[in-house]
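In: I need the structure of the sequence given here:
(one chain, ligands or ions: 1)
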Amino acid sequence: MEVHIQKCQECQSTDVCNMLVSEPGQPQTVYVKCASCGQLVARFLLSDYYHHGKGIESWLRSLGPAAFESGRDFHDEFSRVQTAALTGFEAACRRLEEQKQVEPP
Ligand SMILES: [Zn+2]
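Out: The predicted structure follows:
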């Protein structure tokens with residue numbers, strides 16, 4: 001695993017701001033803006049968005065209207081997504097600490 005902290009290509013700041021954009025019928029988009037100089041840092045198109053602490057209603061909305069036709073058990077799926085998000089986050093934090101110890105900035 002390799003963990004990368006995003007930084008501005010213009011000013012090297014790691015102080016960034018995520019702007020989440022939702023439009024009907026379009027994948028959700030994240031624009032990462034530098035909080036120091038205002039430059040665009042990156043854009044992500046989201047196929048899977050989980051906002052920790054927002055609950056199942058927010059997660060279902062992020063899936064879009066097509067998800068409701070599949071008849072899946074959303075509570076089981078939400079629980080799986082929630083666990084995967086926390087596990088992945090913890091693993092990324094641990095990995096970042098290991099990388100810092102190998103290569104101090
Ligand atoms: Zn910048």
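In: OK, contacts around the residue nearest to D15 when sequence neighbours are not counted?
Out: Once flanking residues are discounted, D15 sits nearest to A35: 4.2 Å by C-beta to C-beta, 6 or more residues apart in numbering. (Glycine included, C-beta is placed from N, CA and C.) Listed by C-beta atoms under 8 Å, 6 or more residues apart in numbering, the contact set of A35 reads 13, 15-17.
In: Swap in 6 Å and give it another go.
Out: Going by C-beta atoms under 6 Å, 6 or more residues apart in numbering, A35 touches 15-17.
In: Check the offset of the helix or strand of the chain with the lowest mean pLDDT from the chain's centre.
Out: None of the helices or strands of the chain scores lower by mean pLDDT, DSSP states H and E than helix 55-63, at a mean of 87. Distance, stretch centre to chain centre, for helix 55-63: 14 Å (C-alpha atoms, centre = their mean, to the nearest Å).
In: in the top helix by length along the chain, what's buried?
Out: Assignment by DSSP state H gives helix 74-102 as the longest helix of the chain. Buried residues in helix 74-102, counting neighbours by 16 or more other C-beta atoms under 10 Å, are found at 74, 77-78, 81-82.
In: would you turn those residues into TSV with pLDDT and distance to S58?
Out: Listed next are the buried residues of helix 74-102 as TSV, based on pLDDT from 0 to 100; distance: C-beta to C-beta, whole Å:
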residue	pLDDT	distance to S58
F74	89	12
E77	91	14
F78	93	10
V81	94	11
Q82	95	12
